[in-house]
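>>> below is the sequence, then the predicted model.
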Amino acid sequence: MPHKWGLAVDLDACTGCGACVTACHAENNIPTVGPDQAARGRAMHWIRIERYWEGEFPDVRLRFRPVMCQQCDNAPCEPVCPTYASHHTEEGLNAQVYNRCIGTRYCANACPYNVRFFEFFNPVWEKPLHLQLNPDVSVREVGVMEKCTFCVQRINAGKIQAKAEARELADGDIKPACAQSCPSKALVFGDASDPDSAVSKLRRSSRGAGLLEDLGTRPNVTYFPRHTEA
Amino acid sequence: MAEAVPGLAPPLIDGNKTLGRITRDVCAPIERRPGAAWWAGLAVSLAALAAGTAAVSYQIAVGIGTWGVNNSVGWAFGITNFVFWIGIGHAGTLISAVLFLLRQRWRTSVNRAAEAMTLFAVMCAGIFPLIHVGRPWLAYWLAPYPNFRGPLWVNFRSPLAWDFFAVSTYFIISATFWYVGLIPDLATMRDRMRKGVRQRIAAFLSLGWDGSARTWQRYELVYLLLAGLATPLVFSVHTIVSWDFATAVIPGWHATIFAPYFVAGAIFSGMAMVLTLMLVARVVLQLQEYITIRHVDVMAKLVLATSGMVGLAYLTEFFTAMYSGNPYEEFVFLNRAMGPFAWAYWTMVGCNVGVPLLFWFRRVRQNLWLVFVLSLLVNVGMWFERFVIIVTSLHRDFLPSSWSGYTPTIIEVTTLIGTFGLFFTCYLLFCRFVPVIAIAEVKGAMMEDRHEREALAPAHAEEAVA
């Protein structure tokens, strides 16, 4: 049975610390664009923490929601790509083939979650940041669309490791950078086709819900809304 | 004779001309040396084209970051210009094919120029899908071509792939139709020219036209068949362009009304552009007796009719958003009318729905200066329609965390100016080298008109007396 990767996000546990955002940048060679470009709406964060204030001062409540690619089963970004750069893998990921991408930006327009990011210029890493590029992840050039991959390089490394050790892949063998770095364990990653995996158990809970799921996108990220009123 | 007769529409061609006079009048602008105005126009157009070329070169060298687009507003000026020019390019086929099949004789005075306008507008439009991509050096991947990558084909589910077929088909058929219509006139040019290179080119392009009854019969059959083939394209091209938007789930784009709405808008903007150009050309080329008040009047009525359709579409969009109860749809339309781009929205409504209402008045339709100004405003309004649809839908969509704004850069504005430069460069060259009025067709239409008048005139004269 092929794997089907899924992520569960416990909004009760998320403190909005931003460790996942930093880890994602480091793991995936995501360039920083600087304050000017960020102010023009060109910041690149494959995962972001959305922050919502509720209520009137002084009785305000703060809520966080980490948003990354929802790896939809029925993804609006995929059919619109004229070159198949954006396509669906057998393991349920919305893959982006950088070499095949010509940069129409149609996928980013079509995505209701705005989790696709475009290289508006050739990326630069100020010294010494250029020394910390991850050799397992390709560096994208100008004019290419990029997005969260669920750390596909880690998924493949995990599968190769298990095969080398002649064993089945175990739940928890693979952790994307965001889930690995989350101090409050708000992000749980795993194989949703394995009924005993932690993520499968969470997905079966009636509390879980997909983001904007009424659009029919069938996302593979499940959110657990806050039930504490702290 | 062909003088004004009470109770009958004014004659198609003024001045009670002979057939030989028509040939001389229409060929005059291409047989005399170009005047200062033509050279000045060409210089301005070429300067605009050069500026646009520089802007596009810089953008390709540096990246799409030189435009104002961002991660939320992925399309803005570039695709607005694409849809705008494609829309302009719609009047040509409408006039040449649909009005031909409907036997609208007045089309003969404007069809050649309108078809040329279509070709040049589609050329301008075709630039944008190529340059708006992040890596334009790979834009040929939009086309299906035999390759050794599997082979790997384009994604036939993507509306951008459909665009490729729709626009290229439209260009090929329009160019063919334009050329076939030119053949008898090329033969006229061949016969009138002195020996030389130009004469030999005209002789080659006129395909050995001999003017015999058999040649005419075959020519007219081909023309009729091509008109039949081109007619569906009037509707298909802009329908497919509208699907670029309608197939996405984004509120403001995801609407079934888009196909007819875009087709009506395209004919609306195309007719307005024909009016703008014809009003200038008739004066500059001294063809006032061929493109008469009657022609302007008919085209102004077409603009008025399509304006009504476009206005109905605007209302329907609001009604659908309200009636659906979908909060995202409701928000998008309220945001259009009252949000940060309200100025663009009301420019669009004012120019496309408000301004053309003046065409209800005959006196406005017959005041050429007023028609010229109004047709320019319609062009402005239709550019803003595409801008509003694209930018306002993208800048505020589902998740407020990724809401954003949009401001065009000087590079984007210069690119738009550059396409106007290309358009007018081509148009000025066209006016110099090809008869701007279809000589053979005008003669046929004028003679039919004259015979009808002669048959009807006595009866009408009696009625008028009684």
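That came through fine.

>>> okay, CA-based contacts and neighbour counts for the rest of this
Will do.

>>> find the closest residue to chain B in chain A.
residue A:143 (3.5 Å; CA to the nearest CA).

>>> wait, that residue touches residue A:121, no?
Yes - in this structure, residue A:143 is within contact of residue A:121 by CA atoms under 8 Å, at 7.1 Å.

>>> pull up the overlap in contacts between those two.
Contact criterion CA atoms under 8 Å, 6 or more residues apart in numbering or on different chains; residues shared by residue A:143 and residue A:121: B:63-64.

>>> close to chain B: what parts of chain A are there?
Chain A comes close to chain B at residues A:40-43, A:50-51, A:76, A:79-84, A:102-106, A:108-114, A:116-118, A:120-122, A:142-144, A:215, as judged by CA under 8 Å from any CA of the partner chain.

>>> now, these that are in helices?
With helices taken from DSSP state H, the overlap with the residues of chain A next to chain B comprises A:79-80, A:106, A:108-110.

>>> so where is the chain shaky, pLDDT-wise?
Looking at chain A here, since you left the chain open. Across chain A, the ranges flagged by pLDDT under 70 are A:228-230.

>>> hm, I was asking about chain B
Using pLDDT under 70, chain B drops low at B:1-9, B:457-466.

>>> got the ones in helices among the residues of chain A next to chain B as TSV, with neighbour count columns?
Below are these laid out as TSV (neighbours: other CA atoms under 10 Å in any protein chain shown):
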residue	neighbour count
A:79	23
A:80	28
A:106	25
A:108	28
A:109	28
A:110	25
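
>>> mind putting the residues you listed into CSV with distance to residue B:156?
Formatted as CSV, those follow (distance: CA to CA, whole Å):
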residue, distance to residue B:156
A:79, 9
A:80, 9
A:106, 15
A:108, 19
A:109, 19
A:110, 17
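
>>> where does chain B come near chain A, residue by residue?
B:62-66, B:70-75, B:132-136, B:138-139, B:141-142, B:153-161, B:248-250, B:394, B:397-399, B:401-402, B:404-405.

>>> tell me the contacts of residue 118?
Using chain A. Per CA under 8 Å, 6+ apart, neighbours of residue A:118: A:42, A:44, A:103, A:105, A:143-146, B:71.

>>> let's do chain B instead
Contacts of residue B:118 (CA under 8 Å, 6+ apart): B:88-93, B:174.

>>> and for residue B:230?
B:93, B:97, B:173-174.

>>> quick check: of those, which lies closest to chain A?
residue B:173 (23.9 Å).

>>> my read is the closest one is in a helix, agree?
Yes - counting by DSSP: H, G, I helix; E, B strand; the rest coil, residue B:173 is located in a helix.

>>> what's the local residue count around it?
18 (other CA atoms under 10 Å in any protein chain shown).

>>> quick one: buried residues of whichever strand or helix holds residue A:53?
Residue A:53 is part of strand A:48-54, with elements assigned from DSSP states H and E. Neighbour-count burial for strand A:48-54 flags A:48-49 (criterion: 16 or more other CA atoms under 10 Å in any protein chain shown).

>>> next: stretch A:72-84.
A:72, A:74-84.

>>> same check, this time on stretch B:190-204
B:190, B:199, B:202-203.

>>> please apply the same query to stretch A:144-153.
Applying 16+ other CA under 10 Å to stretch A:144-153 flags A:144-152 as buried.

>>> who touches it?
In contact with stretch A:144-153 (CA under 8 Å, 6+ apart) are residues A:28, A:46-47, A:68-69, A:93-96, A:98, A:101-103, A:105, A:115-119, A:136-137, A:140, A:176-177, B:134-135.

>>> give me the phi and psi angles of residue A:133.
Here is the backbone geometry of residue A:133 (degrees, to the nearest 10): phi -60, psi 140.

>>> wait, what's in contact with it?
So residue A:133 contacts A:26-27, A:29 (CA under 8 Å, 6+ apart).

>>> how many other residues sit next to residue B:142?
23.

>>> swap in residue A:214?
8.

>>> SS state for residue A:62?
strand.

>>> surely it touches residue A:51?
Yes - with contact defined as CA under 8 Å, residue A:62 reaches residue A:51; the gap is 7.1 Å.

>>> out of the contacts of stretch A:144-153, which are buried?
A:28, A:46-47, A:68-69, A:93-96, A:98, A:101-103, A:105, A:115-119, A:140, A:176-177, B:134-135.

>>> so residue A:66 lies in a strand, does it not?
Yes - counting by three-state DSSP, residue A:66 is located in a strand.

>>> is it in a bridge, and if so with what?
Beta-bridge partners for residue A:66, by DSSP bridges, are residue A:49.

>>> and it, what does it touch?
A:9, A:16, A:47-50.

>>> and the gap between it and residue A:110?
Using CA to CA, to the nearest Å, residue A:66 is found at 20 Å from residue A:110.

>>> just residue B:302 next, same as before
Taken as CA to CA, the span from residue B:302 to residue A:110 is 35 Å.

>>> might you report the residue contacts of the residue lying closest to residue B:270 once chain neighbours are set aside?
Of all residues not flanking residue B:270 in the chain, residue B:88 sits nearest, at 4.0 Å (CA to CA, 6 or more residues apart in numbering or on different chains). Residue B:88 makes contacts with B:117-118, B:121, B:266-267, B:269-271, B:273, as judged by CA under 8 Å, 6+ apart.

>>> in TSV: those, plus secondary structure.
Formatted as TSV, the contacts of residue B:88 follow (three-state DSSP):
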residue	secondary structure
B:117	helix
B:118	helix
B:121	helix
B:266	helix
B:267	helix
B:269	helix
B:270	helix
B:271	helix
B:273	helix
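
>>> in CSV: the residues you listed, plus distance to residue A:186.
Formatted as CSV, the contacts of residue B:88 follow (distance: CA to CA, whole Å):
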residue, distance to residue A:186
B:117, 60
B:118, 58
B:121, 55
B:266, 52
B:267, 55
B:269, 54
B:270, 56
B:271, 60
B:273, 59
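
>>> list just the nearest of these to residue B:185.
residue B:117 (18.1 Å; CA to CA).

>>> so what's the closest one up against?
Counted by CA under 8 Å, 6+ apart, residue B:117 has contacts B:88-89, B:92, B:274, B:427.

>>> same question for residue A:51.
So residue A:51 contacts A:16, A:62-65, B:401 (CA under 8 Å, 6+ apart).

>>> in contact with residue B:352, which residues?
B:307, B:310-311, B:377-378, B:381-382.

>>> can you rerun that using 10 Å?
B:265, B:268-269, B:303-304, B:306-308, B:310-311, B:346, B:374-375, B:377-382, B:384-385 (CA atoms under 10 Å, 6 or more residues apart in numbering or on different chains).
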